[in-house]
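K.L.:
Please find the sequence and the predicted model below.
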Amino acid sequence: MSQSPDVHSNEIHEGGAATIANPRLAEAYRSSTLRLFTHRLNSIPEVPGFERLRDVGREVKRHTIENLDYYLTQFAASVERNGGKMHWASTADEVCRMVVDIVKQSGAREVVKAKTMVGEEVELNHALEAAGLRAIETDLGEFIIQLAGERPAHIVGPAMHKTRQDVSELFVEHLKAERTVVPEELTAIARRALREMFQKAGVGVSGANFAVAETGTVVTIENEGNIRMCTTVPRVHIALIGIEKLIPRLADLGIFLRLLGRSGTGQNLTVYTSLLTGPRREGEDGPQEMHVVMVDNGRTKSLADPKMREMLYCIRCGACLNTCPVYRKIGGHAYGWVYSGPIGALVTPEFLGISQARELPFASSLCGACREVCPVKINIPDLLLHLRSEAQEHAPKRSESLLPERLMFRLWAWGMRHPSVYALGSRFARWGQVLLARRGWIRKIPMYPASQWTKERDFPALAPQTFRSRWKKL
């Protein structure tokens, strides 16, 4: 497996602190995620039996992942029957090499790219540029972060952290546009720049939201129309698909279309849903060639682990990011790779190895909000706990950094085994908080290591009356 040297997932504490210290950036994450979360809440009641729909979606994904070898074979046969060409890539390097070869064989020098997390994952843009090819992102958010030289900050909204002023400055610098903060004018600037590329590019690259094994159909879902342009205007279309994106039948697609839009953005249905089944036929529009690259890049490792296999059910809606209190505070870039939030805390250690991202499973309150909103009910907290155990076993922290933590837990365990000591400690703690607690919260604890907790968050004050005293009065 190819591992990028530019992965900083073990620096999540530093990255999170940098976000919190920037009020503008912190507010951008808070307001954007809250807006998407609220849209989801408002749209779900419009679907009768939404919880039942989630159960059905989960079962379809479970069945598919448990029988993935069968459905991969069926999908490949269906693609080739429709005139497409199948390619299989085990690593990021293989993906990039295959795409570069296809582009060069086509004679193209420019490539237009639709939003694809797999493309970000394998760093396809860098590979194309190294081969002397020009790659242009056509999703508006991806286009913005490409100009900024950044990674996505969110699975669905890659430029969520950018304000209108930020975007305007980027367009002035890179596109020589006039300075404006009017959203419609900014969109028009991007459209003019991208229209030229659509006309010049000989190859279009896309991802896939779903891949239907029964028919060999590549399904793309979007709100801008750029994916439809990438997959139909250029002479060659390349689809990068993670092996977990398969669903068995076209009839199953309706389930996920109802789940994905509402979970991700609160829409009843995304604006453009395209079903791509092979290259163009006589009398049709579309590409002359269609290449499908099925990508492993660490996925079979999760498939082989019964405890982590459930992670592959994810349909990349981003709902867990929007509800996560940790993501809302620290933002996407703090996670140090292309996948962020609760699902990123699972995907990154699995795809890159636990030593590359041992801190991510610990960056969670385990509140369960991610599990509650996941459209296919992935038990993210349990999977995070499993990865925490794996991190302690295979990539432990240095012993000196764990010493204060070990001493604290030993003291706590000793107190819990001695009821009188526990009661005395509770009494002292209640007295001690008199000077610190305000309106039920302690804003700052002066003593280490408890002081580390209140550096970035408040601590709930102890109740005025203990459980023991309340129990005696019953």
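P.N.:
That came through fine. Numbers count the residues shown, from 1 in each chain.
K.L.:
mind listing the strands for this structure?
P.N.:
Ranges of strands in the chain, per DSSP state E, are 85-89, 110-113, 134-137, 203-206, 210-212, 217-222, 236-242, 246-247, 272-276, 289-295, 437-438, 441-442, 459-460.
K.L.:
other SSEs contacting the second one?
P.N.:
Translated: strand 110-113. Identification of packing neighbours for strand 110-113 by 3 or more C-beta pairs under 8 Å, 6 or more residues apart in numbering; DSSP states H and E yields helix 124-130, strand 134-137, helix 183-200, strand 203-206, helix 226-232. Every residue, glycine included, has its C-beta placed from N, CA and C.
K.L.:
hmm, who's touching the third one?
P.N.:
It refers to helix 183-200. Where contact means C-beta atoms under 8 Å, 6 or more residues apart in numbering, the residues beyond helix 183-200 that reach it are 110, 112, 136, 138, 140, 143-144, 164, 167-168, 171, 175, 177, 180, 226, 229-230, 233-234.
K.L.:
Swap in 6 Å and give it another go.
P.N.:
110, 112, 136, 138, 140, 143, 167, 171, 175, 177, 229, 233 (C-beta atoms under 6 Å, 6 or more residues apart in numbering).
K.L.:
neighbours of P306, just the number please.
P.N.:
Using other C-beta atoms under 10 Å, P306 has 7 other residues around it.
K.L.:
do you know how far it is from E59?
P.N.:
Distance, P306 to E59, by C-beta to C-beta, to the nearest Å: 17 Å.
K.L.:
what does M160 give?
P.N.:
Look at M160 and E59: by C-beta to C-beta, they are 32 Å apart.
K.L.:
Same drill for those two, tell me which one is more crowded.
P.N.:
Taking other C-beta under 10 Å, M160 and E59 do not tie; M160 has more neighbours (23 against 14).
K.L.:
Next one, pLDDT for G132 please.
P.N.:
The score at G132 is 97. That number is its pLDDT.
K.L.:
Same check on H386?
P.N.:
Reported pLDDT for H386: 97.
K.L.:
shouldn't it be in contact with P306?
P.N.:
No. Shown here, H386 and P306 do not form a contact pair, counting by C-beta atoms under 6 Å, at 10.5 Å.
K.L.:
Might you report the residue contacts of R151?
P.N.:
Each residue near R151 by C-beta under 6 Å, 6+ apart is listed here: V338.
K.L.:
I'd like the distance between it and Q465.
P.N.:
Distance from R151 to Q465, by C-beta to C-beta: 50 Å.
K.L.:
Count residues in the vicinity of H13, would you?
P.N.:
Close neighbours of H13, defined as other C-beta under 10 Å, add up to 14.
K.L.:
Check V295 too.
P.N.:
Neighbours of V295 (other C-beta under 10 Å): 26.
K.L.:
just checking, it touches G242?
P.N.:
Yes. Between V295 and G242 there is a contact at 5.2 Å, judged by C-beta under 6 Å.
K.L.:
Overlap in contacts, these two.
P.N.:
Each of V118 lies in contact with both V295 and G242 under the rule C-beta under 6 Å, 6+ apart.
K.L.:
Show me the shaky parts of the stretch 351-474 of the chain.
P.N.:
Within the stretch 351-474 of the chain, the stretches with pLDDT under 70 are 398-402.
K.L.:
again, but for the chain
P.N.:
Across the chain, residues meeting the criterion (pLDDT under 70) sit at 1-5, 398-402.
K.L.:
Walk me through the domains of it.
P.N.:
What the record gives for the chain is the domain set 9-300, 405-472, from automatic domain parsing.
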